[in-house]
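**Q** kindly generate the corresponding structure for this input.
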Amino acid sequence: MKIYLVLSFLFLYLLLIIFFYFYQRSFLYYPNEDNYLTSEIINSENSIVSVKTIDGLTLKSYLYMNKSNTQTILFLHGNAGTLNSRIYKLNKFKELGFNYLALSWRGFSGNKGTPSEEGLIKDALAGLDYLNALDIEDLQIIVYGESLGTGVGISVAGTRKIRGLILESPYTSIAELGKIKFPFLPINLILKDKYDSLKNSRKIKCPVLVMHGFEDKVVPFYMGEKIYDLIETEKLSFFTEDDHMMRFNRKMENSIKNFSNLLD
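**A** From the prediction side, this is the model:
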C-alpha cells in the first residue's frame with residue numbers, strides 16, 4: 001500500500017512537472033492583462049509606428065521625436081499589459097526632454113508571434129535598428145527596461161554600444177524568481193526563458209541607473225541591489241519606499257534627470 005501511494009505521488013508530481021514545462025510561458029507573459037491603466041491621454045505628438053523584426057514580425061510601437069532633444073529612450077515594458085498601461089511614463093519622458101520609442105512585444109498589443117526570451121531580444125534589437133534608420137545612433141539611445149524588460153535591456157546593453165541603461169525593478173534571473181514562486185518545481189531543469197540578468201550584467205559597458213522599491217512584492221528588492229552591486233561601469237541608484245511598478249514622482253524624475261546629466 002505504501003509503495004502504491006509513493007508511486008501515485010511520483011506519477012502526479014511528474015504530471016505536474018510536464019504541465020509546467022509545456023505551459024510555463026503562460027505563467028511568465030500576460031499580454032491580455034489591463035494593469036496600471038490610468039485616465040491619462042497620450043501626448044498629441046505621439047505617433048503609432050510599426051517596427052519590423054528580423055524574423056518578419058511587425059510590432060505596434062509608440063514614437064515621439066523632437067529634433068532638439070539629444071537623447072532618445074528605447075522603452076521595454078514588463079511582462080503584462082499593453083503600451084496604453086504605460087502612457088503616464090511616456091508623457092513623462094516627453095516632459096523630461098527625451099525622445100522615445102516604446103515597443104510592444106511580440107504577442108502583445110495585438111502583435112503576432114509568441115513571446116520568448118530569444119524573441120523579445122530580437123524585438124529590442126529591432127527597436128534599436130528602427131531608431132538607427134531615423135539617424136539616431138546607438139550612442140544617443142538610453143534603453144529603459146521595466147520589470148521583465150530589464151532582463152532584455154541588460155542583454156542588449158551587452159551587445160550594443162548604447163548611451164545608457166535604466167533598470168526599473170530588475171531581477172537577478174527568472175530561475176531565481178521561479179524558485180521563490182514555485183519552490184516545489186525543478187526550475188533549473190524545466191525553465192525555457194532564463195533571463196540571467198546577474199550573469200549578463202557583467203557584459204554591460206555603459207552607465208546604468210538602477211531603480212527599485214523596498215516594498216516590491218513581485219521582484220524582491222535584494223535582487224535590484226545585487227544587480228547594482230555587480231555592475232562595474234558608472235552607476236547611480238534610486239532606492240525608495242515603493243512597490244513593483246514604481247511611482248513616477250518628483251524624486252524619481254530627478255534621479256532620471258541626474259542620470260541624463262551624467263551621460264552628457
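
**Q** low-confidence ranges in the stretch 1-150 of the chain?
**A** Where the stretch 1-150 of the chain drops to pLDDT under 70, the residues are 1, 35-37.

**Q** that one: helices as residue ranges?
**A** 2-23, 87-95, 117-133, 148-157 (DSSP state H, counting those that start in this stretch).

**Q** switch those helices over to TSV; also include mean neighbour count and distance to T53.
**A** All C-beta spots, glycine's among them, are computed from the backbone N, C-alpha and C. Formatted as TSV, the helices of the stretch 1-150 of the chain follow (neighbours: other CB atoms under 10 Å; distance: least, CB to CB, whole Å):
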stretch	mean neighbour count	distance to T53
helix 2-23	11	25
helix 87-95	19	21
helix 117-133	19	4
helix 148-157	27	13
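
**Q** residues contacting F27?
**A** Counting by CB atoms under 8 Å, 6 or more residues apart in numbering, F27 touches F20.

**Q** give the bridge partners for V210, please.
**A** Beta-bridge partners for V210, by DSSP bridges, are L167, S237.

**Q** so who does Y195 touch?
**A** By CB under 8 Å, 6+ apart, the neighbours of Y195 are 117, 148, 151-152, 155, 171, 173-174.

**Q** and what of I136?
**A** I136 neighbours (CB under 8 Å, 6+ apart): 72, 99.

**Q** and for the one 5 residues further on?
**A** If you count contacts by CB under 8 Å, 6+ apart, I141 has them with 71-74, 128, 131, 162-163.

**Q** out of those, which is nearest to K122?
**A** L128 (10.9 Å; CB to CB).

**Q** would you map the helices across the stretch 151-264 of the chain?
**A** According to DSSP H, counting those that start in this stretch, the helices that the stretch 151-264 of the chain contains are 174-181, 187-190, 197-200, 221-230, 250-263.

**Q** what are the buried residues along the third one?
**A** When you say that, I think you mean helix 197-200. 197-198, 200 (16 or more other CB atoms under 10 Å).

**Q** and if you look at stretch 256-264?
**A** For stretch 256-264, the neighbour count (16+ other CB under 10 Å) marks 256, 259-260, 263 as buried.

**Q** before we move on, back to that, tell me which of the helices of the stretch 151-264 of the chain sits most buried.
**A** With neighbours defined as mean count of other CB atoms under 10 Å, the helices of the stretch 151-264 of the chain peak in mean count at helix 197-200, which reaches a mean of 20.

**Q** identify the residues contacting stretch 176-190?
**A** 16-17, 20-21, 24, 171, 175, 191, 198, 219-220, 223.

**Q** mind listing what G213 touches?
**A** G213 touches 169, 221, 239-244, 246, counting by CB under 8 Å, 6+ apart.

**Q** repeat that for L96.
**A** 253, 256-257, 260.

**Q** backbone phi and psi for it, please?
**A** For L96, the backbone dihedrals (degrees, to the nearest 10) come out as phi -80, psi 0.

**Q** ok, back up a step: of all the helices of the stretch 151-264 of the chain, which one comes closest to C206?
**A** Taking the helices of the stretch 151-264 of the chain one by one with CB to CB, helix 250-263 is closest: 8.6 Å.

**Q** I'd like to know which elements that closest one is packed against.
**A** If you count contacts as 3 or more CB pairs under 8 Å, 6 or more residues apart in numbering; DSSP states H and E, helix 250-263 packs onto strand 164-168, strand 208-213, strand 235-240.
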